[in-house]
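> below are the sequence and a predicted model for it; my questions follow.
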Amino acid sequence: DGRKPANPAFWWVNEEGEEVKWSFEELGFLSRKAANVLSEACGLQRGDRVIAVLPRVPEWWLLNVACMRTGIVLIPGTSQLTAKDILYRLQASKAKCIITSDTLAPAVESVVPDCQFLKSKVLVGQGSRDGWLNLKELL
C-alpha cells in the first residue's frame, strides 16, 4: 500500500547484539505500568524522589518516562557509585525509593540503616533479594 513501517519509539542493542524494540504504543503501555509500580507498590507520590542507579538498560528509560508521567523526581546515578556515594545521595535527596541492579544491591543494603527516608528498594534483574521488590515481576 506504499506506507513504510512505523519507526520504533525505543530501540536498544547491547554488546551481545540482543535487541529491545518498543513501538510508541508499547512504550506508553509499559511506562503506565511502571508508573503504577512506583505509585502503588512503592507508595510514591508527585514530588517524591527516587534514585535509579542502573546501567543504561531498557528499564532505565522506562523509569524515566514513568517518573515524568507521575511527577516523581528521578535522580539518576552511575553504576560506578560506591556504598558511600549511594549513602550520601540517599541522605541528601531524602529519596523514598532506590532502584538498582543485582550487582549494586549489596552496597545499598550496607547503607540502608542510615537512610531514614528510604521506604522501598526495587531490583532490576533476574534475581530476588529479601526486602526488595522485583521490577520485572511487578510489570
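Now that the structure is in, tell me what you want to look at.
> which residues touch residue 96?
By Cβ atoms under 8 Å, 6 or more residues apart in numbering, the contact set of residue 96 is 42-44, 48-50, 117-120. In this view, the C-beta of every residue, glycine as well, is placed from N, C-alpha and C.
> residues in contact with stretch 18-28?
Residues contacting stretch 18-28 (Cβ under 8 Å, 6+ apart): 6, 8-13, 30, 58, 62, 65.
> and if we set it to 6 Å?
Here stretch 18-28 makes contact (Cβ atoms under 6 Å, 6 or more residues apart in numbering) with 8-13, 58.
> next, give me the two most distant ones among those.
Across the contacts of stretch 18-28, the two members that end up farthest from each other (Cβ to Cβ) are 9 and 13, 15.0 Å apart.
> neighbour count for those two, which is higher?
Of the pair residue 9 and residue 13, residue 9 is the one with more neighbours under other Cβ atoms under 10 Å, namely 16 against 10.
> got the contact list for that one?
Neighbouring residues of residue 9 by Cβ under 6 Å, 6+ apart: 22, 24, 27.
> name the nearest residue to residue 8, sequence neighbours excluded.
residue 21 (4.6 Å; Cβ to Cβ, 6 or more residues apart in numbering).
> surely that neighbour is within a helix?
No: Residue 21 is assigned strand when assessed by DSSP: H, G, I helix; E, B strand; the rest coil, not a helix.
> give me the number of residues near residue 118?
Residue 118 - counted by other Cβ under 10 Å - has 19 other residues nearby.
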